[in-house]
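Undergrad: Requesting a structural model of the entry that follows:
(one chain, ligands or ions: 1)
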Amino acid sequence: MNRDIKYLELYNQIKAVIDPEADDIANMANIAQLLSQTLDHHWTGFYRVVKKELVLGPFVGPVACTRIPFGKGVCGVAWETKHTQIVANVHKFHGHIACSPHSQSEIVVPCMRQGKVFAVLDIDSDALDTFDDLDARYLEDIVALL
Ligand code: SME
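TA: Residues are numbered from 1 along each chain as shown. As a prediction, this is how the structure comes out:
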């Protein structure tokens, strides 16, 4: 299936599921599951900003590290810069935090409210160079539903 169509269907499906619910954690849990079952990457989940750290939130995949400091790892850089990070090869990203030996490439999308990051969406792939601007665009639209 064309990637645009796949993402548009996913967007509509996620919107329908989370629209009636106001709780962020419940919505993150359903988003992680829907993204994981459709895109089928190695790890899909959220880290939430709690005080001065990112703390592991709802996810689908192997056990992951629970806390990430501001500016550290791909997730911490997405938080600090407020910009989506696309990493084609995690082994070449200075400061990458390896939660799983299988992760090869990664995308991290900041979730923003009133100009502040309140969480990040992190997706890890077990293949190199998996994510591009199209993923970034649709995933940014999806987290904006929160
Ligand atoms: N690789 C991330 C850490 C989170 S795990 O991939 C689930 C990072 O460098 O921030």
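Undergrad: Could you use CA atoms for every contact and neighbour count after this?
TA: Noted.
Undergrad: Can you tell me the element Val55 falls in?
TA: Using DSSP states H and E, Val55 maps to strand 53-60.
Undergrad: For that strand, give me every contacting residue.
TA: Here strand 53-60 makes contact (Cα atoms under 8 Å, 6 or more residues apart in numbering) with 25, 28-29, 32-33, 36, 43-49, 64-70, 76, 119.
Undergrad: how about 6 Å then?
TA: 29, 32, 43-48, 66-70 (Cα atoms under 6 Å, 6 or more residues apart in numbering).
Undergrad: Now the buried members of those.
TA: Applying 16 or more other Cα atoms under 10 Å to those, the neighbour count classes Ala29, Ala32, Trp43, Thr44, Gly45, Phe46, Tyr47, Arg48, Ile68, Phe70 as buried.
Undergrad: So which of those residues belong to helices?
TA: Among the buried ones among the contacts of strand 53-60, DSSP state H puts Ala29, Ala32 in helices.
Undergrad: Next step: the buried ones among the contacts of strand 53-60 restricted to strands.
TA: Members of the buried ones among the contacts of strand 53-60 lying in strands (criterion: DSSP state E): Trp43, Thr44, Gly45, Phe46, Tyr47, Arg48, Ile68.
Undergrad: mind checking which helix or strand the residue lying closest to the second one once chain neighbours are set aside is in?
TA: The one in question is Thr44. In space, and not counting its chain neighbours, Thr44 is closest to Ile123: 4.5 Å by Cα to Cα, 6 or more residues apart in numbering. Assigned by DSSP H and E, Ile123 falls within strand 116-125.
Undergrad: Please name every helix or strand in contact with that strand.
TA: Secondary-structure packing of strand 116-125 (3 or more Cα pairs under 6 Å, 6 or more residues apart in numbering; DSSP states H and E): strand 43-50, strand 105-113.
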